[in-house]
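# need a structure here:
(one chain, ligands or ions: 2)
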Amino acid sequence: MMQVLSTKNGATTIKEPSVGRLIILTGPSGVGKGTLMRSLLQRHPELYYSISVTTRPQRPGEIDGKDYYFISRSKFEQMVDRGELLEWAEFAGNYYGTPREAVLKQISSGRTVVLEIELKGARQIRASYPCAISIFILPPSLNELERRIRNRAQDSMEAITRRLRCAGEEINAAHEFDLQIVNDDFETALNSIEAALFT
Ligand SMILES: Nc1nc2c(ncn2[C@@H]2O[C@H](COP(=O)(O)OP(=O)(O)O)[C@@H](O)[C@H]2O)c(=O)[nH]1
Ligand SMILES: Nc1ncnc2c1ncn2[C@@H]1O[C@H](COP(=O)(O)OP(=O)(O)O)[C@@H](O)[C@H]1O
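Ligands and ions are numbered 1, 2, ... in the order given. Next up, the predicted model:
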C-alpha cells in the first residue's frame, strides 16, 4: 500500500490511505435483513450496498439493477467460470452471487461495503476475508419468522416452504459470526447494527 504525505500546521506526517471495511449481514430468509439494510442505507448513504446477481424470478415491485441484477442460469454460470463472483451459493433452488469487481473497487477506494447474503456465501467471505465484520440476524422465534415470511406474501407456497426448511440450519450457525442481533423490536435491532459499525 502506498504511503501518503500530509502536511498540517507545518508538521508533515505519513498516513496510510484508508481501506474500506467489509460488512456481512446474514440470517434466515424473512428475518428482516432487507428491511434493516434499507433503513441502514437511508441513515448512512456513505455505505456501499453490493447489488447481487441472482437467477431468482423478479418479484413484483423489485427493480433490476437496484434490488438485484436478474440474470439467466447460463449467464450466472459464465460469471462463476470467469471468476467474476466474490462468493456465490444456491439457495432455495436459485443462484445468488456477489459481483467481485465493484466490491473490491469500493473497498480499495476507502468505502465501507455491506453484503446481505445467506449462510454459505457468508462462510465463504469469512474464509477469504477474515477481517470482514459479520453480523447474524436472529428472529425472536421460528413462529415469528414463519409469520413474517407468510405476511410478506412475496413468495409461492413452495418457495416459502423451502425458505423455512433452510432456517433451522442457518440459525444453528449463528455462533460462527462476530455478532448476533435479534430482530424483535426493529429500532432496537437497527440501533445495535449501527453501534457495531460506527462505535
Ligand atoms: N450467497 C449469497 N446470498 C445472497 C446474495 N444475495 C442475496 N442472498 C441471500 O439469498 C437469500 C434469498 O434471497 P431472496 O430470494 O431475495 O429472499 P428473501 O431474503 O427471502 O427476501 C437471502 O438470505 C439473501 O440474503 C448473494 O449475492 N450471495
Ligand atoms: N422487527 C420486525 N418486526 C416485525 N416485522 C418485521 C421486522 N423486521 C422486518 N419485518 C417484516 O418481516 C418481513 C420480512 O422482512 P425482509 O426484510 O424481507 O426479510 P429478509 O430480507 O431477511 O428475507 C417484511 O414484511 C418486513 O416488513
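# Quick one: residues contacting the closest residue to residue 139 other than its chain neighbours.
Distance criterion CB to CB, 6 or more residues apart in numbering; nearest residue to residue 139, sequence neighbours excluded, is residue 145 at 3.9 Å. Yep, even glycine has a C-beta here, placed from its N, CA and C like the rest. Contacts here follow CB atoms under 8 Å, 6 or more residues apart in numbering; on that basis residue 145 touches 28, 30, 31, 139, 164, 167.
# Of the residues you listed, just the buried ones, ChimeraX syntax please.
The following ChimeraX line selects those of the contacts of residue 145 that are buried, judged by 16 or more other CB atoms under 10 Å:
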select :28,30,31,139,164,167
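# who's the residue most central in space within the chain bridged to?
For the chain, residue 116 is the residue whose C-alpha lies nearest the centre (CA atoms, centre = their mean; 1.5 Å). In this structure, residue 116 bridges to residue 25 when assessed by DSSP bridges.
# re the thing from before, let's see which of the contacts of residue 145 end up in helices.
Among the contacts of residue 145, the subset assigned to helices under DSSP state H consists of 164, 167.
# restrict the contacts of residue 145 to those near ligand 1?
When CB under 6 Å from any ligand atom is applied, the members of those adjacent to ligand 1 are residue 30.
# Export the contacts of residue 145 to CSV and append columns for distance to ligand 2 and pLDDT.
Listed next are these as CSV, based on distance: CB to the nearest ligand atom, whole Å; pLDDT from 0 to 100:
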residue, distance to ligand 2, pLDDT
28, 7, 96
30, 5, 93
31, 4, 97
139, 9, 97
164, 12, 92
167, 10, 94
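# now the strands for this protein?
Counting by DSSP state E, the chain has these strands, from start to end: 4-8, 11-15, 22-26, 48-49, 53-54, 69-70, 85-91, 94-99, 113-116, 133-138, 179-182.
# Can you lay out those strands as TSV showing mean pLDDT?
Rendered in TSV, the data for the strands of the chain read as follows (pLDDT from 0 to 100):
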stretch	mean pLDDT
strand 4-8	55
strand 11-15	59
strand 22-26	97
strand 48-49	97
strand 53-54	98
strand 69-70	98
strand 85-91	97
strand 94-99	98
strand 113-116	98
strand 133-138	98
strand 179-182	98
